[in-house]
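1. Starting from these lines, generate the structure:
(chains A, B, C and D)
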Protein chains: 2
Amino acid sequence: MAETGTQGTTRGTSGTAAHRDRPPTIRDVAELAGVATSTVSRALARPDRVNPRTRIRIEEAAAELNYVPSSQARGLSSGRTNAVAVLVPDITNPFYFDIIRGTQHQLKAAGVTQLLVDTEESSEMELDALHKMRKSADGFILAASRLTDAQLAEVSQSQPLVTFNRASTSAPTVMIDTPSAIIQALEHLASLGHHKVCYVAGPPTSWSNQMRWKVFEEDATKRGMEVHRIGPYTPKTTSGAAAADAAVRTGATACIVFNDLLAIGMLQRLKARGIRVPEDMSIVGSDDIFGADFCNPPLTTISSPIEQAGRVAVSMLLAQLNPLSGSATRQLAVMPTHLTIRESTGPAPR
Amino acid sequence: MAETGTQGTTRGTSGTAAHRDRPPTIRDVAELAGVATSTVSRALARPDRVNPRTRIRIEEAAAELNYVPSSQARGLSSGRTNAVAVLVPDITNPFYFDIIRGTQHQLKAAGVTQLLVDTEESSEMELDALHKMRKSADGFILAASRLTDAQLAEVSQSQPLVTFNRASTSAPTVMIDTPSAIIQALEHLASLGHHKVCYVAGPPTSWSNQMRWKVFEEDATKRGMEVHRIGPYTPKTTSGAAAADAAVRTGATACIVFNDLLAIGMLQRLKARGIRVPEDMSIVGSDDIFGADFCNPPLTTISSPIEQAGRVAVSMLLAQLNPLSGSATRQLAVMPTHLTIRESTGPAPR
DNA sequence: CAACTTTTGGCAACCGCTTGCCATTTGTGT
DNA sequence: ACACAAATGGCAAGCGGTTGCCAAAAGTTG
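-> Numbering: from 1, shown residues only, chains lettered A, B, ... in the order given. Model prediction:
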């Protein structure tokens, strides 16, 4: 302290300043600004906790040194990592890319790092990641989680998370309005005169798959349609061939398919077999992924603001992490859906 | 300081151990195993540095406590973060999906966390990320970097990185064999009788765009073809319409397009305008992204093992980070390419 | 101007783990 | 059994921040 006065003149001591060797630490900034590290820390974290004049001095010093606080160190002492992990079952699937894009955007806006994890459709990997990363992420977003209700409940007990397309009573959830979507699709098919419909199932552990089938069966039955179900199939285009063949065998004239990937695969197979879409068979996909608009024929599918869903998920998670004043955090967000009618559906063959 | 001793005993206050409240630290493990934390640290990091018996004891303790070391703390003291940042210009672009998938796989295999960053085609954001994350990532993978040579050189000086599809003398690079690919494509077009060809350009700051054009011009000229060039266009399907219209105006009978996204967009526009592909115009894309095989017509395109490129990039980066015995780290990897001929190319119209 | 309240900034103790250095043990050769 | 080398484990000093607590400084009030 006594030397502060001197220091003003000192300046030259260090000779040429700003050696670009090692990244500057908070200490360097403190030194340059002539204050203690704690003050620097405060100036940056809670600006009104320090005198405006010193704050400015510190800010200038920081700017000059091009100081960037180490998130590592910060995390260690503050207990927060400023990172959020996003777990998806399959990075390969374009559907999740929309989600990822959404989360990425929103997280970046909040200055939070995104840790992307591919769980490869496996609940073990999911649990493992959840466990391994509990110290390195402040929260998790589980897209289409494959965990059981019990597992989910347990996990959500110990770490903040929000699920996407996976209902849960224990954690905030954002999901797309599947029931309404399926009903819209059936309505559409019914109006085209279809009586025999088939649901092409995806992964049994997928909650949304279960929901879709449930609603499909209920509503189709209510309409007096003949309902079939085939599957489960891995939700990839490559499974489409098998699915298409099976679908044809059921005698159904229209299929609602678990997702677009599978649907597009079916389209390819049907074309190869010379079965015309939609003349001989109508196909409805789900998710409206990249490609659904330019495949052949363009796919009628269930659209939903997926990217926005990602954003919402992040918002909900962040709200959970920083409990703001008053307002209880929202526990459920349902994204609207609508049927995008393109060219893979048409009048039932007679 | 004097009280430290007291504190040592205080610990027990909590009575029953292993409360599942807070995640266990290295201290808990040490205590359970009856050793010092340093020993635990070693047992886990360099197993042969401790006695096998104690190591086992420690491992058991760790297992019982379900101990996972804090990567934060580890990073702080060791100076390594065990994370690698992957910067892509546009998360939206399926081309990068493949890269990301590749890097993700390889990184996971190495136990390294992937930090995904979307730089939105902006060199500023790229620099910014590079700067902000220098403390939180051990290295960087720059996919299709938009940085200038000078910037790249400077950055690579201070942090380990490898570039993908962006030549650089200052950093290891993995790229796809563009020249050969373009030549293959021109050969293909020539054999179909095309004489007037057009290159549809992508982002001017894209190195691979520049390369493609360069080789295109050289080789096409050498073949005595009439060469056109249009663009630049943003590499998205939505830019395809403008590109298609411009391409038609050039009078060319075949186009080689910067990437598949743009090419698919052109396909859509051409179809809308009633211009038949490939009868009236042939289109060759590049990258063979998801969707290129099922668009209408399926796109003839330049394929390359993109996912593998991502893997290789990671390997090169990791090699750079852990300079192993002897073998100098590879500075350049060139991924092979081949022309995947589908249905968007055909004989030149007469 | 004294008495008292606010501001402001420094001190020092962590956060959880790594690592250089040193004291013990244990093992080896004769 | 003895001298000496190798193996093993603990101590303590950080890594780069954050934060509770306290003292000095500045501002208020009558």
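2. Just the buried residues of stretch A:51-58, please?
-> A:54, A:55, A:57, A:58 (16 or more other C-beta atoms under 10 Å in any protein chain shown). Any C-beta I mention is one placed from the backbone N, CA and C, and that applies to glycine too.
3. swap that for stretch A:104-124, sorry
-> Applying 16+ other C-beta under 10 Å to stretch A:104-124 flags A:104-108, A:112-121, A:123 as buried.
4. about what we covered before: looking at the buried residues of stretch A:51-58, which two lie furthest apart in space?
-> Distances among those were taken as C-beta to C-beta; the most separated pair is A:55 and A:57, at 7.2 Å.
5. so where do the strands sit in the stretch 51-200 of chain A?
-> Here the stretch 51-200 of chain A has its strands, by DSSP state E, counting those that start in this stretch, at A:83-88, A:113-118, A:139-143, A:161-164, A:173-176, A:196-200.
6. Name the nearest residue to residue A:340, sequence neighbours excluded.
-> Leaving out its chain neighbours, the residue that sits closest to residue A:340 by C-beta to C-beta, 6 or more residues apart in numbering or on different chains is residue A:303, at 4.4 Å.
7. for residue A:205, same thing?
-> Going by C-beta to C-beta, 6+ apart, residue A:205 has residue A:146 as its nearest residue, at 4.6 Å.
8. Quick check: residue A:248 vs residue A:198, distance?
-> Applying C-beta to C-beta, to the nearest Å, one obtains 10 Å for the distance of residue A:248 from residue A:198.
9. Could you see whether DNA strand C lies near stretch A:39-58?
-> Yes - for stretch A:39-58, a contact with DNA strand C is found by C-beta under 7 Å from any atom of the strand, at A:39, A:42, A:48, A:49, A:50, A:51, A:52, A:53, A:54, A:55.
10. tell me which element the residue nearest to the last one when sequence neighbours are not counted is part of?
-> What that stands for is residue A:55. Residue nearest to residue A:55 in three dimensions, not counting chain neighbours: residue A:43, with 4.7 Å by C-beta to C-beta, 6+ apart. Applying DSSP states H and E as the criterion places residue A:43 in helix A:37-45.
11. Next, report how far that helix is displaced from the centre of its chain.
-> For helix A:37-45, the separation from the chain centroid amounts to 35 Å (computed by C-alpha atoms, centre = their mean, to the nearest Å).
12. cool, stretch A:132-152 as well?
-> Offset of stretch A:132-152 from its chain centre (C-alpha atoms, centre = their mean): 12 Å.
13. average pLDDT for that stretch?
-> In this model, stretch A:132-152 has a mean pLDDT of 94.
14. ok, whichever residue of the stretch 201-350 of chain A sits closest to DNA strand D to chain B distance?
-> Residue nearest to DNA strand D within the stretch 201-350 of chain A: residue A:322 (12.5 Å; C-beta to the nearest atom of the strand). Distance check for residue A:322 against chain B: by C-beta to the nearest C-beta, to the nearest Å, it reads 19 Å.
15. go on, residue A:283?
-> To chain B, residue A:283 is 13 Å away according to C-beta to the nearest C-beta.
16. same thing with residue A:312?
-> Here the criterion is C-beta to the nearest C-beta. By it, residue A:312 lies 18 Å from chain B.
17. low-confidence ranges in the stretch 251-350 of chain A?
-> Low-confidence segments of the stretch 251-350 of chain A (pLDDT under 70): A:324-328.
18. mind listing the strands for it?
-> Assigned by DSSP E, counting those that start in this stretch, the stretch 251-350 of chain A shows strands spanning A:254-257, A:282-286, A:300-303, A:332-335, A:338-340.
19. Could you pull up the contacting residues of the closest residue to residue A:173 other than its chain neighbours?
-> Closest residue in space to residue A:173, ignoring its immediate chain neighbours: residue A:163 at 4.8 Å, by C-beta to C-beta, 6+ apart. Residues near residue A:163 by C-beta atoms under 8 Å, 6 or more residues apart in numbering or on different chains: A:141, A:142, A:143, A:145, A:152, A:171, A:172, A:173, A:174.
20. Any chance of JSON lines for the residues you listed, columns neighbour count and distance to residue A:270?
-> JSON lines is the format used below for those (neighbours: other C-beta atoms under 10 Å in any protein chain shown; distance: C-beta to C-beta, whole Å):
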{"residue": "A:141", "neighbour count": "28", "distance to residue A:270": "36"}
{"residue": "A:142", "neighbour count": "30", "distance to residue A:270": "34"}
{"residue": "A:143", "neighbour count": "25", "distance to residue A:270": "30"}
{"residue": "A:145", "neighbour count": "29", "distance to residue A:270": "32"}
{"residue": "A:152", "neighbour count": "26", "distance to residue A:270": "37"}
{"residue": "A:171", "neighbour count": "24", "distance to residue A:270": "40"}
{"residue": "A:172", "neighbour count": "21", "distance to residue A:270": "40"}
{"residue": "A:173", "neighbour count": "25", "distance to residue A:270": "35"}
{"residue": "A:174", "neighbour count": "27", "distance to residue A:270": "34"}
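21. May I ask which two of the residues you listed are separated the most?
-> Farthest pair in those, by C-beta to C-beta: A:152 and A:174, 14.5 Å.
22. Just give the number of residues close to the nearest residue in space to residue A:92 that is not next to it in sequence.
-> Closest residue in space to residue A:92, ignoring its immediate chain neighbours: residue B:101 at 6.1 Å, by C-beta to C-beta, 6+ apart. A total of 18 residues lie near residue B:101 under the criterion other C-beta atoms under 10 Å in any protein chain shown.
23. check contacts around residue B:101.
-> Counted by C-beta under 8 Å, 6+ apart, residue B:101 has contacts A:91, A:92, A:118, B:307, B:310.
24. if you skip the residues just before and after it, what's nearest to residue A:116?
-> With sequence-adjacent residues excluded and distances taken as C-beta to C-beta, 6+ apart, residue A:116 is closest to residue B:116, at 5.0 Å.
25. What residues does that neighbour make contact with?
-> With contacts defined as C-beta under 8 Å, 6+ apart, residue B:116 is in contact with A:100, A:104, A:114, A:116, B:85, B:86, B:88, B:91, B:100.
26. what do you get for residue A:23?
-> For residue A:23, the contact set (C-beta under 8 Å, 6+ apart) comprises A:68, B:134, B:135.
27. filter those by proximity to DNA strand D?
-> Restricting the contacts of residue A:23 to those within reach of DNA strand D (C-beta under 7 Å from any atom of the strand) leaves residue A:68.
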